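**Q** Here is my input; please provide its structure:
(chains A and B)
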Amino acid sequence: SQQGEEDPQALSIQEGENATMNCSYKTSINNLQWYRQNSGRGLVHLILIRSNEREKHSGRLRVTLDTSKKSSSLLITASRAADTASYFCGGNGGSNYKLTFGKGTLLTVNP
Amino acid sequence: DGGITQSPKYLFRKEGQNVTLSCEQNLNHDAMYWYRQDPGQGLRLIYYSQIVNDFQKGDIAEGYSVSREKKESFPLTVTSAQKNPTAFYLCASGGLAGDTQYFGPGTRLTVL
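**A** Numbering: from 1, shown residues only, chains lettered A, B, ... in the order given. The predicted model follows:
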């Protein structure tokens, strides 16, 4: 079973616009992490939000977490063409170290 | 440079052969992980190791084997028992429980 499910599966926007991606998960989590993957490359960690946090910022990124709805969102403001990538959320839900990822959102930012 | 490396970048295997993918990290992380990614899909956990000489099966361990003889190294062997091994393999390492995972650049395995 997948702990993270991203929505939408694909998103296409113009440079300068904001992009919002959502993530839902099934079971309780200790933290939720967002990663970016450029085509054919490894994942790059973007931000980690703990279960007792509601919002976190990092540069142009804003992540929210609603544990009552078991959902998180990633907002990228003032998007750039270089933001074009797949974005994954991963939930860490237990005493072990495992992250369970969703299928990702493919973001395309058109110049 | 600190980081996590994987080799080779591309690997071709004939059916019936075992192949080993290398993963090395110099981040002094206790935990290491192997994931498989199929086109347009997310990551699925194959094996993970929390400490040296110990490892646990992930969600899709059948047809794979690992070892963790050194803290820095976590090689993955794709055996002939893995029926559909063509995929992109990603190795990661991490520190404290549930902490950020750092990923290598990946190995793309193709079965000919």
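**Q** got the contact list for the one residue sitting closest to the centre of chain B?
**A** Centroid-nearest residue in chain B, with Cα atoms, centre = their mean: B:W34, separated by 3.1 Å. Residues counted as contacts of B:W34 (Cβ atoms under 8 Å, 6 or more residues apart in numbering or on different chains) are B:21, B:23, B:45-48, B:58, B:64, B:66, B:74, B:76, B:89-91. For every residue, glycine as well, the C-beta is placed using N, CA and C.
**Q** mind checking the SS state of it?
**A** With DSSP: H, G, I helix; E, B strand; the rest coil as the basis, B:W34 sits in strand.
**Q** measure it to chain A for me?
**A** 12 Å (Cβ to the nearest Cβ, to the nearest Å).
**Q** hmm, back to that, now intersect the contacts of B:W34 with the strands, please.
**A** Using DSSP state E, B:21, B:23, B:45-48, B:64, B:66, B:76, B:89-91 are the members of the contacts of B:W34 that sit in strands.
**Q** burial of the residue nearest to A:Y87 when sequence neighbours are not counted, as a residue count?
**A** Distances taken as Cβ to Cβ, 6 or more residues apart in numbering or on different chains place A:T105 nearest to A:Y87, at 4.9 Å, with adjacent residues excluded. Residue crowding around A:T105 was assessed by other Cβ atoms under 10 Å in any protein chain shown; the count is 22.
**Q** contacting residues around A:T105?
**A** By Cβ under 8 Å, 6+ apart, the residues touching A:T105 are A:6-11, A:21, A:86-88.
**Q** which helices and strands does the helix or strand of chain A with the lowest mean pLDDT pack with?
**A** Ranking every helix and strand in chain A by mean pLDDT, DSSP states H and E puts strand A:5-7 at the bottom, with a mean of 82. Secondary-structure packing of strand A:5-7 (3 or more Cβ pairs under 8 Å, 6 or more residues apart in numbering or on different chains; DSSP states H and E): strand A:19-24, strand A:85-92.
**Q** so after the longest one, what's the next helix or strand?
**A** Elements were assigned by DSSP states H and E; along the chain past strand A:85-92, the next helix or strand is strand A:100-101.
**Q** what does chain A put close to chain B?
**A** Applying Cβ under 8 Å from any Cβ of the partner chain, we find that chain A lies next to chain B at A:2, A:4, A:30-31, A:33, A:35, A:40-45, A:48, A:88, A:90, A:92, A:95-104.
**Q** Give me the buried entries from those residues.
**A** Buried members of the residues of chain A next to chain B, counted by 16 or more other Cβ atoms under 10 Å in any protein chain shown: A:2, A:4, A:31, A:33, A:35, A:41-43, A:45, A:48, A:88, A:90, A:92, A:97-104.
**Q** and the helices and strands packed on strand A:5-7 as JSON lines, adding mean pLDDT?
**A** Shown next, in JSON lines, are the helices and strands packed on strand A:5-7 (pLDDT from 0 to 100):
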{"stretch": "strand A:19-24", "mean pLDDT": "95"}
{"stretch": "strand A:85-92", "mean pLDDT": "92"}
